[in-house]
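Novice: I need the structure of the sequence given here:
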Amino acid sequence: MKRILVVYYSQTGQLGEIIDAIVAPLRASAECVVTVARLKSQRPYAYPWSFWGFFNAFPECVYDDPDPIEPLPLADDAEFDLIILGYQVWFISPSLPTTAFLQSAQAQRLLRGKPVITVIGCRNMWLMAQERVKTQLQKLGAHLLDNVALTDRTHGAKTVITTPWWLLSGNKGPYLGGLLPRAGVWQRDIDDAGRFGKTIADEFPKREPGDTRPMLWGMGAVIVHPGLISSEQIVQRSFRLWGKLLRACGKPEALLRRLVLALYVVFLVAMLLTVVPVVFVLKTLLSPLTRKRIAAQRGYFAAPSGE
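Specialist: Purely as a prediction, here's the structure:
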């Protein structure tokens, strides 16, 4: 019997649906015993977010400085053969409860030497967040077997409106009489995620300990959008600069921080409307000259499961 631990944090419930779809075939397998644990922050994050609460989480998010989480309700000597880690992306970073878990002594004990499969549910930008998670897993001595990233397939020009609207209102849409579609990962993609769980249920029990080959290779577990690679890198640098400034302005409740945060929101909107589209267009125009480099980048970011 293979013992599988599923750890995840879902604020809106969407990632929970994805995890349920993937885990269902594992629960049905006679060769797997599944334990599911949802991360809980000691200071819960509201859903829907308040406007200031949403943006005030950003500096700590990009600087990996989370509030503590509740320990997982597991025995001190609990051991697992495989860890499935599900996480959301906040400000192209792992969500704060996910970061708190990866920094915890409990994660250090549970993940050391163990194979890990990451599962992401987000709008579209997940590459830089996954890089951060990969670094944390390496520090913990864990082995990343596979990555599944489900994103909103709606055009980014629409999701940049619908996703914040959903997070701040709790209403997934559709909006404006159907002019803007329902926010979030498409339901058919969530329902289809069970195929990943079926492959894991079929393949993992046959494996010898120490086998770190991906199980989901060639199944389309991730899609890397070449035009977003440079955009994510630019946004990440911007986030770190503004995050450092905001943290220097004091704690989240400080008045000066709120004033500077208001300035940042104006800057962010301007950047999304100008810089990001320009970078995307330039990247597209230059793609014939950078085809080999882009192909190498896609291969790197798609690993280990591939597109």
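Novice: quick one: the helices in the stretch 1-150 of the chain?
Specialist: 14-28, 51-56, 58-62, 96-102, 105-111, 127-140 (DSSP state H, counting those that start in this stretch).
Novice: can you list contacts of the top helix by length along the chain?
Specialist: For the chain, the helix with the greatest residue count under DSSP state H is helix 226-248. The contact list for helix 226-248, computed with CB atoms under 8 Å, 6 or more residues apart in numbering, reads 58-63, 65, 91-93, 124-125, 127-128, 257, 260-261, 264, 267, 271, 275-276, 279-280, 283-284, 287, 294, 297-298, 301. For glycine as for every other residue, the C-beta is placed from the backbone atoms N, C-alpha and C.
Novice: Now which of the residues you listed would you call buried?
Specialist: Buried members of the contacts of helix 226-248, counted by 16 or more other CB atoms under 10 Å: 58-63, 91-93, 124-125, 127-128, 257, 260-261, 264, 276, 279-280, 283, 294, 297-298, 301.
Novice: Now go through those and say which are in strands.
Specialist: Ser93 (DSSP state E).
Novice: between the helices of the stretch 1-150 of the chain, which gets nearest to Asp76?
Specialist: Shortest distance between Asp76 and these, using CB to CB, is found for helix 105-111: 8.4 Å.
Novice: which secondary structure elements does the closest one contact?
Specialist: Helices and strands touching helix 105-111, by 3 or more CB pairs under 8 Å, 6 or more residues apart in numbering; DSSP states H and E, are helix 127-140.
Novice: could you say what helices and strands the helix it packs on packs with?
Specialist: Short answer (3+ CB pairs under 8 Å, 6+ apart): helix 127-140 packs on strand 82-90, strand 93-94, helix 96-102, helix 105-111, strand 115-122, strand 143-151, helix 226-248.
Novice: Same list (those) but as JSON lines, adding distance to Gln42.
Specialist: Below are the helices and strands packed on helix 127-140 laid out as JSON lines (distance: least, CB to CB, whole Å):
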{"stretch": "strand 82-90", "distance to Gln42": "17"}
{"stretch": "strand 93-94", "distance to Gln42": "18"}
{"stretch": "helix 96-102", "distance to Gln42": "9"}
{"stretch": "helix 105-111", "distance to Gln42": "14"}
{"stretch": "strand 115-122", "distance to Gln42": "23"}
{"stretch": "strand 143-151", "distance to Gln42": "28"}
{"stretch": "helix 226-248", "distance to Gln42": "20"}
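Novice: how about the ones you listed in JSON lines, adding mean pLDDT?
Specialist: Output for these, formatted as JSON lines (pLDDT from 0 to 100):
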{"stretch": "strand 82-90", "mean pLDDT": "98"}
{"stretch": "strand 93-94", "mean pLDDT": "97"}
{"stretch": "helix 96-102", "mean pLDDT": "98"}
{"stretch": "helix 105-111", "mean pLDDT": "97"}
{"stretch": "strand 115-122", "mean pLDDT": "98"}
{"stretch": "strand 143-151", "mean pLDDT": "98"}
{"stretch": "helix 226-248", "mean pLDDT": "90"}
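Novice: Tell me which of those sits nearest to Leu167.
Specialist: Distance to Leu167, taken as CB to CB, is lowest for strand 82-90 among the helices and strands packed on helix 127-140, at 9.9 Å.
Novice: CA atoms of the closest one as CSV?
Specialist: C-alpha atoms of strand 82-90 as CSV (Å, rounded to 0.1, in the frame of the first residue of the first chain):
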residue,chain,number,x,y,z
LEU,A,82,4.3,10.5,-2.0
ILE,A,83,3.4,14.1,-1.3
ILE,A,84,1.0,16.1,-3.5
LEU,A,85,1.3,19.8,-2.8
GLY,A,86,-1.5,22.0,-4.2
TYR,A,87,-1.1,25.8,-4.1
GLN,A,88,-2.5,29.0,-5.5
VAL,A,89,-0.4,31.8,-7.0
TRP,A,90,-0.5,35.2,-5.3
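Novice: That one: which residues count as buried?
Specialist: For strand 82-90, burial by neighbour count (16+ other CB under 10 Å) applies to Leu82, Ile83, Ile84, Leu85, Gly86, Tyr87, Gln88, Val89, Trp90.
Novice: swap in stretch 281-296?
Specialist: Within stretch 281-296, the residues that qualify as buried by neighbour count (16+ other CB under 10 Å) are Lys283, Ile294.
Novice: and that stretch, how far out from the chain's middle?
Specialist: When C-alpha coordinates are averaged (CA atoms, centre = their mean, to the nearest Å), stretch 281-296 and its chain have centres 26 Å apart.
Novice: How about stretch 58-76?
Specialist: So, by CA atoms, centre = their mean, the centroid of stretch 58-76 is 15 Å from its chain's centroid.
Novice: and what of stretch 97-115?
Specialist: Relative to the chain's own centre, stretch 97-115 is displaced by 16 Å; criterion: CA atoms, centre = their mean.
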